[in-house]
Every structure is written in C-alpha cells, then in structure tokens.
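>>> Below are the sequence and a predicted model for it; my questions follow.
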Amino acid sequence: MGKAVRTRRRAGARAAGALALAAGLAACSSPADTGSSGAAGGGADACAGQELPESVRIMNIRALTGPVSFAGLNAQKGIDLALAEIEADGLLEGTTIELDTRDSSTSPQEAASFASQAIADDSYVAILGPEASAQSTAVSPIAQSSGIPVVYVQSGSEGVLTGDFTYRLTPPAESYFDIVGPWLAEQGIGTASVLFNTGNPTLAELGQTTVPAVAQEQGIEILSSGGVDLTAQDFTTPASQIAGENPDAAFLMLQGPQYPVAITQLRQAGFQGDIIGMSAAGAGNLAPAGQTAAGTLWPANYAATQDAESTQEFVTAFGEANDGETPNNYAAEAYDAMWFLARGLAEAGCADRAALQQGLEAVAEEGFAGAQGEITFEDNDARVPGVLIQWDGAQEVVVPTPGA
C-alpha cells in the first residue's frame with residue numbers, strides 16, 4: 001500500500017476505524033471503476049510539464065458544531081470513508097490527500113474566511129464546501145472569482161452555483177420530486193393541501209412551485225397552500241385548517257425536526273389522508289413520531305436500501321467503518337463529493353486549480369456510479385433518478401415507483 005491518508009483537523013474528531021479499512025477496501029469494487037479515464041484527461045494542457053505531487057491539500061469546511069452539526073458530522077463520516085477508499089484504490093498513484101478540516105458552525109463569515117485562507121495559499125487545490133446555503137453563498141463568489149474549485153453538498157439555494165468552479169453533489173429536490181406523481185395517481189389522490197416552510201428557500205420553492213406543478217400534471221386540486229416560519233414548532237392552526245378541508249393528501253415541505261411535530265398535530269386534528277414530504281423527512285427524523293407518522297411518503301435522492309449496486313457497496317463499507325451504522329443521505333452525498341474531487345484530480349494529472357476544474361468538468365460530463373446511485377450532471381448540479389421512501393412506523397423503506 002501507499003502512504004496513509006493524512007488529515008489535519010482544527011475541529012472535530014476523525015471517525016474511528018476509517019483508515020483501518022484501507023487494506024480490506026483495496027480488494028473491493030470501488031467508485032474508481034467508472035467515470036475516470038486516468039491522469040491524462042481534461043487538464044492535460046494546464047498540466048503541461050507537471051504531475052501530481054506527493055500530497056495535495058483540500059480545505060474541508062464543515063458544520064461540526066451548532067444546530068446543523070447533524071449534517072456536518074454525518075458528512076464527515078462519508079468523507080473519511082471515501083479518503084480511505086481512494087488511498088486503497090490507488091486512483092492517484094501514490095499521491096495522498098491532506099484534508100484540512102475547519103468548523104464553520106453557523107457562521108457565513110467563518111466559512112468565507114476559511115475559503116479565503118485556502119485561496120491565498122497555493123498549496124490548496126480545492127475546497128469541500130459547507131452544507132448551509134448561507135455559508136455556501138458567501139464562499140462561492142470569492143472562490144469562483146479566484147479560480148479555485150469548490151464542491152458542495154446540501155446548499156440548495158440559488159446563488160451557490162456561480163460558475164465553472166462550483167459544483168454541487170446533492171441533487172436539488174425539485175429535480176426528482178416528480179417521481180411521486182405516478183404514486184399519487186395510483187392512490188387516486190384528487191385533492192390536496194400544502195404547508196411549507198417560508199424561511200427556507202428550497203422548501204418555499206417546493207411548496208409554491210414544484211408541488212403545484214406535480215399536482216397539475218396529475219389532475220389534483222390544491223385546496224389551500226400556506227406557510228410557517230423557519231423555526232416553527234407549533235402547527236395546531238394549519239393542522240386544524242387542513243383537517244377541516246379534508247383533502248386526500250397533505251404535502252408538508254418542512255425542515256427535518258419539524259416533521260414529527262407537524263405530522264402528530266395533523267393526525268391529532270383528525271386528518272386521515274396521505275402525507276407526502278420531502279427528503280428532510282428522512283435520516284431518522286420521523287422516529288419521534290413513531291406509528292403516528294406511519295405511511296408518510298417522500299421522494300429522495302438516496303436510500304440505504306435502494307437497489308443500486310454502488311449504493312449497496314457504500315452501505316456495506318460504511319457499516320464496517322462505523323460499527324454497523326447505516327449511512328444517511330448526508331454521509332452518502334459527502335462520500336460522492338470526495339470521490340468526485342479525487343476523480344477530477346486523476347483526470348487533471350497535476351495539482352493545478354484550473355486543470356482540476358477541467359478534470360471535474362470531464363468527470364461530470366461522463367457521470368459515475370456513487371453512493372447515491374448513477375450520478376449525472378446538469379450545469380454543475382448533480383442529478384439522480386430518485387427513490388420513493390415511506391416510513392412504516394419503525395423504519396424507512398423503499399417503495400417501488402409505479403411504472404418503473
């Protein structure tokens with residue numbers, strides 16, 4: 001084996017056991033098997049006379065503390081696994097990735113400061129961007145104008161992808177949400193009410209644009225559409241209104257921790273119809289509601305139980321590295337982001353930032369199989385087929401998409 005993956009942390013601890021997997025993972029099928037054609041790819045011109053050095057540095061900006069640390073900490077586990085696999089696979093032919101991890105918590109200013117430090121230091125070839133849109137929109141303009149590649153997960157707002165140097169490995173929910181349409185038709189849904197979080201741009205877009213479009217396509221009448229505040233935890237008023245309207249289905253476009261409360265209050269108000277959410281309902285967020293939330297369904301970009309071979313390889317490796325833990329979407333997306341950067345480096349053949357951008361462009365054009373399944377790109381934004389997930393009262397299960 002080559003040199004061990006080196007990481008330097010400013011905050012947070014490495015997930016235990018990831019590096020210990022390197023030898024075992026080398027024998028397994030890996031994401032490098034698809035999507036990268038080697039070191040002489042898209043960055044050949046910018047890399048004239050250069051080659052990959054002994055190590056390359058990547059700034060890793062994660063929310064490891066604060067209210068969104070659940071996303072940052074899970075993402076870090078996916079990154080750690082990817083680093084171990086990349087080293088074991090030999091994709092970079094002896095070059096190791098030195099990850100400099102910084103905790104941005106909830107601060108856009110901190111995130112922008114860390115990005116500026118990476119920009120000013122030529123030893124950093126790229127940035128793994130933060131999860132929160134407010135931080136990402138602070139990072140993207142300076143990264144794009146300075147010509148350093150940034151790869152994001154989550155960060156669903158407008159203004160995150162600002163040009164050729166910015167990529168996102170979390171597919172936007174609206175890009176796969178329409179897979180719920182055939183299921184709605186199969187259930188005979190004719191009327192619906194919509195409740196959405198007005199403080200989250202992604203959720204507001206889903207509630208005001210995406211859901212109505214799906215409803216119109218399926219001939220569903222929207223009886224009402226209303227919003228709640230970003231941090232709302234009392235839904236008794238909208239729940240009573242929806243229950244009074246008695247629609248066949250209620251669409252709830254909310255933040256993860258809001259789901260169990262909203263669903264419980266909706267059922268307490270007497271609503272008995274179907275409940276459709278979005279991917280934030282996953283990652284175990286419905287567990288506090290238990291059987292009360294049974295039957296809740298949502299389209300998602302990833303499920304640990306989906307059939308894709310690359311997904312199941314990831315789930316197995318992740319469990320071995322994390323004491324049997326099942327990886328959620330945050331881990332899967334970050335795993336794919338780290339592999340995407342590594343593939344881009346292999347395509348570039350050197351540590352030049354412009355060459356890496358060309359390498360990432362080549363990988364994006366071809367696509368690859370990752371933790372989320374088959375990944376393609378549209379304007380630097382990842383796309384996946386999507387999967388339907390339903391909470392059965394105790395766990396999340398994949399529901400076959402009608403007609404698929």
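Cool, got the structure.

>>> So which residues of the stretch 251-400 of the chain form strands?
Taking DSSP state E, counting those that start in this stretch, the strands of the stretch 251-400 of the chain run over residues 274-276, 297-300, 368-370, 373-378, 381-383, 387-391, 396-399.

>>> Can you tell me which of those is nearest to A348?
Proximity to A348 (Cβ to Cβ) singles out strand 368-370 among the strands of the stretch 251-400 of the chain, at 15.7 Å. (Glycine included, C-beta is placed from N, CA and C.)

>>> Going by neighbour count, list what's buried in that closest one.
Buried residues in strand 368-370, counting neighbours by 16 or more other Cβ atoms under 10 Å, are found at 368-370.

>>> before we move on, what about stretch 102-116?
For stretch 102-116, a neighbour-count test (16+ other Cβ under 10 Å) marks 102-108, 110-112, 114-115 as buried.

>>> Among those residues, which ones are in strands?
Counting by DSSP state E, the buried residues of stretch 102-116 place 102-103 in strands.

>>> Which pair of the buried residues of stretch 102-116 spans the longest distance?
The span of the buried residues of stretch 102-116, defined through Cβ to Cβ, is set by T106 and A115 at 16.0 Å.

>>> Now do stretch 67-76, average pLDDT.
On average, the pLDDT along stretch 67-76 is 91.

>>> now the helices for the stretch 51-200 of the chain?
Along the stretch 51-200 of the chain, the segments classed as helices by DSSP state H, counting those that start in this stretch run 69-89, 108-120, 133-146, 181-187.

>>> Those: which one's closest to L169?
Closest of the helices of the stretch 51-200 of the chain to L169 is helix 69-89, at 10.3 Å (criterion: Cβ to Cβ).

>>> Okay, buried residues for that closest one please.
Buried residues in helix 69-89 (16+ other Cβ under 10 Å): 69-89.

>>> now swap in stretch 255-268 and tell me
So stretch 255-268, judged by 16+ other Cβ under 10 Å, has buried residues 255-256, 258-267.

>>> closest one to G344 among the helices of the stretch 51-200 of the chain?
Among the helices of the stretch 51-200 of the chain, the nearest to G344 by Cβ to Cβ is helix 69-89 (11.8 Å).

>>> which strands and helices sit next to that closest one?
Applying 3 or more Cβ pairs under 8 Å, 6 or more residues apart in numbering; DSSP states H and E, we find helix 69-89 packed against helix 22-26, strand 55-62, strand 96-103, helix 309-321, helix 329-348.

>>> low pLDDT regions in the stretch 251-400 of the chain?
For the stretch 251-400 of the chain, no stretch has pLDDT under 70.

>>> E396 reaches I389, doesn't it?
Yes: E396 lies in contact with I389 (Cβ atoms under 8 Å); the separation is 5.1 Å.

>>> Please enumerate the shared neighbours of these two.
Residues touching both E396 and I389 (Cβ atoms under 8 Å, 6 or more residues apart in numbering) are 282, 303.

>>> Of all the buried residues of stretch 102-116, the one with the weakest confidence?
For the buried residues of stretch 102-116, the pLDDT minimum is T106, 90.

>>> Name all residues that make contact with that residue.
Counting by Cβ under 8 Å, 6+ apart, the residues that T106 touches are 63, 66-68, 132.

>>> Please report phi then psi for it.
Backbone torsions for T106, taken as degrees, to the nearest 10, come to phi -110, psi 10.

>>> follow-up on the earlier one: please identify which of the helices of the stretch 51-200 of the chain is closest to G159.
Closest to G159 of the helices of the stretch 51-200 of the chain, according to Cβ to Cβ: helix 133-146, at 4.4 Å.

>>> Return the set of buried residues in the closest one.
Along helix 133-146, these residues count as buried under the neighbour rule (16+ other Cβ under 10 Å): 133, 135-140, 143-144.

>>> now swap in stretch 294-309 and tell me
294, 296-304, 306, 308.

>>> again, but for stretch 170-186
Using 16+ other Cβ under 10 Å as the test for burial, stretch 170-186 gives 170-177, 179-181, 183-184.

>>> Just give me the closest of these to L356.
Nearest member of the buried residues of stretch 170-186 to L356, counting by Cβ to Cβ, is T170, at 20.4 Å.

>>> Could you verify my assumption that the closest one touches S157?
No: counting by Cβ under 8 Å, T170 stays clear of S157, with 11.5 Å between them.
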